[in-house]
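Trainee: coords please:
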Amino acid sequence: MIENTEAQQQENVTVEDTLQKLNHHLDMEQSLENSRNSMNEAAKLKRLNLKESGNVDTFHLPAVKKFQNEMAMYMADIDKNMNNRMDRRAIVHEAEVMADGLKVSYRVGLENEIKRLTNWQKEFKQAFTQEHINLDDPQREALKRQDFDTSLEAMNDNELEEYVETLDERPLLSAYELNKLMIATKSNQQLHNKLIEYKMIHHFGEEYKNEPEWKKVAQILFTIKGWRNGGSIWYLDLDNNLRLFNLQETLRKKLAGYTVSDPSQRQWR
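Mentor: Numbers count the residues shown, from 1 in each chain. So this is what the prediction gives:
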């Protein structure tokens, strides 16, 4: 009787210990899930903020808008000097000095925009990567891979060719699926090359480049780097007309027919 009681107590302890371990494991799983959800929400919020800050237009960048305003004041200053009957050559000299300052300001502004947008790209890449790490479900991914492997092994040569040829009509492959297909098509150079092209177009390993906001910022950076390297100054005038700043052409149009001459005003000599 005593032995039975002791055995029953031992069994109860074992069951209780198992339940405690199970509950502890469930608590750990829930904690990990909560942590993953929190990190995912934080990553999504970061992406959202970056999306808003990356929603810019080339001609509404601070540097370009600043030049637009400075250009309006520049033109107004020439008008003022003409209204005050200033010597033509003095107007030209003053305009040239001011234009040099405008160009320097514009270049500095572009450099600041390039640094800002380059930093935006760095932060966007990090946020995108973090978000997708948090979204990964190892168990679901393992099942997905298993299903793909089974389907791929069941394909004959014609089915494999048809599958690869119609990839653009299908959901985007995962990196694992693309790698499997590239291995499977090693003996078919045409299909293999198509997969290499597919990999390049869709930026595998750099999937963040497929995002619309990334593409927009990348295009803006390409444009303003070209302006910086080429020495061109493009801007929108106050009527939102696209203009290329050309000092000589600007003065030619502004001073057409203006003939005031007063050598005493040529104090820079």
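Trainee: hey, let's count contacts and neighbours off CA atoms from now on
Mentor: Fine.
Trainee: off-centre distance for the helix or strand harbouring residue 75?
Mentor: Element membership for residue 75, per DSSP states H and E: helix 62-83. Between the centre of helix 62-83 and the centre of its chain there are 33 Å (Cα atoms, centre = their mean, to the nearest Å).
Trainee: give me the buried positions along it.
Mentor: Counting neighbours by 16 or more other Cα atoms under 10 Å, one finds that the buried residues in helix 62-83 are 63, 64, 65, 66, 67, 68, 70, 71, 74, 77, 78, 82.
Trainee: what's near enough to touch the first one?
Mentor: Applying Cα atoms under 8 Å, 6 or more residues apart in numbering to residue 63 gives the contacts 106, 109, 110, 113.
Trainee: with neighbour count and distance to residue 120 added, can I get the residues you listed in JSON lines?
Mentor: Output for the contacts of residue 63, formatted as JSON lines (neighbours: other Cα atoms under 10 Å; distance: Cα to Cα, whole Å):
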{"residue": "106", "neighbour count": "21", "distance to residue 120": "21"}
{"residue": "109", "neighbour count": "18", "distance to residue 120": "16"}
{"residue": "110", "neighbour count": "21", "distance to residue 120": "15"}
{"residue": "113", "neighbour count": "20", "distance to residue 120": "10"}
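Trainee: could you dump the residues you listed to CSV with secondary structure?
Mentor: Output for the contacts of residue 63, formatted as CSV (DSSP: H, G, I helix; E, B strand; the rest coil):
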residue, secondary structure
106, helix
109, helix
110, helix
113, helix
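Trainee: farthest pair in the residues you listed?
Mentor: 106 and 113 (10.5 Å; Cα to Cα).
Trainee: buried residues, stretch 245-265. List them.
Mentor: 251, 255.
Trainee: sorry, slip of the keys, the one I care about is stretch 117-133.
Mentor: So, applying 16+ other Cα under 10 Å, buried residues of stretch 117-133: 117, 120, 121, 124, 125, 127, 128, 129, 130, 131.
Trainee: helix or strand for the fourth one, which one?
Mentor: Per DSSP H and E: residue 124 is located in helix 88-135.
Trainee: please enumerate the strands of the stretch 101-250 of the chain.
Mentor: 234-236, 242-244 (DSSP state E, counting those that start in this stretch).
Trainee: got a list of contacts for the first one?
Mentor: What it means is strand 234-236. Outside of strand 234-236, the residues within contact range by Cα under 8 Å, 6+ apart are 59, 64, 65, 67, 68, 227, 242, 243, 244, 245.
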